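# Could you look at this predicted model? Sequence included:
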Amino acid sequence: QLQLVESGGGLVQPGGSLRLSCAASGFTLDYNAIGWFRQAPGKEREGVLCISSSGDSTNYADSVKGRFTISRDNAKNTVYLQMNSLKPEDTAVYYCAARAFLTGCSGFRYAYKYWGGGTQVTVSS
């Protein structure tokens, strides 16, 4: 069974950091582009960052430029989202998603077939 599981969310103060993990089971991430999305209450789900199978990253959210980075460890079948200098407006449920054995990135949520259940990130003092 193909599954993605996010972890690493939590409550953090403004200016703090978190690293989210997206672990896959039932398939290898090697040949998939993986995206991170987020959804705040009352808002649409938005693309944040994506990493292609070759390791190239694409940023889809101007608000996170210079603060968030995406990386992958194929040996661990895991993709990471490093979030630094967190702001209250980063509060959201964060989801990882895999394209269906497609190697290139997309910021369009419907381009992704497999989704994790999400992890809550709350930035508050």
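Sure, I can see it.
# Nearest the geometric middle of the protein, what residue?
Nearest to the geometric centre of the chain sits W36, at 2.4 Å (C-alpha atoms, centre = their mean).
# Wait, that one touches C50, no?
Yes - contact criterion C-beta atoms under 8 Å: W36 and C50 qualify, at 7.3 Å. For every residue, glycine as well, the C-beta is placed using N, CA and C.
# quick one: common contacting residues for these two?
Listed contacts common to W36 and C50 are I70; contacts here mean C-beta atoms under 8 Å, 6 or more residues apart in numbering.
# just to revisit the earlier point, distance of the residue nearest to the centre of the chain relative to S125?
Between W36 and S125 the distance is 24 Å, computed by C-beta to C-beta, to the nearest Å.
# follow-up on the earlier one: enumerate every residue touching the residue nearest to the centre of the chain.
Taking C-beta under 8 Å, 6+ apart, we find W36 in contact with 20, 22, 47-50, 70, 79, 81, 94-97.
# go again using 6 Å as the cut-off
Remark: with contacts taken as C-beta atoms under 6 Å, 6 or more residues apart in numbering, W36 is in contact with V48, L49, L81, C96.
# State the three-state secondary structure for the first one.
In terms of secondary structure, V48 is strand; the call rests on DSSP: H, G, I helix; E, B strand; the rest coil.
# I figured it was touching A61, is that so?
Yes - when contacts are counted by C-beta atoms under 6 Å, V48 is listed as touching A61 (4.9 Å).
# for the nearest residue to S17 once chain neighbours are set aside, phi and psi?
Closest residue to S17 apart from its sequence neighbours, by C-beta to C-beta, 6 or more residues apart in numbering: N84 at 4.7 Å. The phi/psi pair for N84 (degrees, to the nearest 10) reads phi -120, psi 160.
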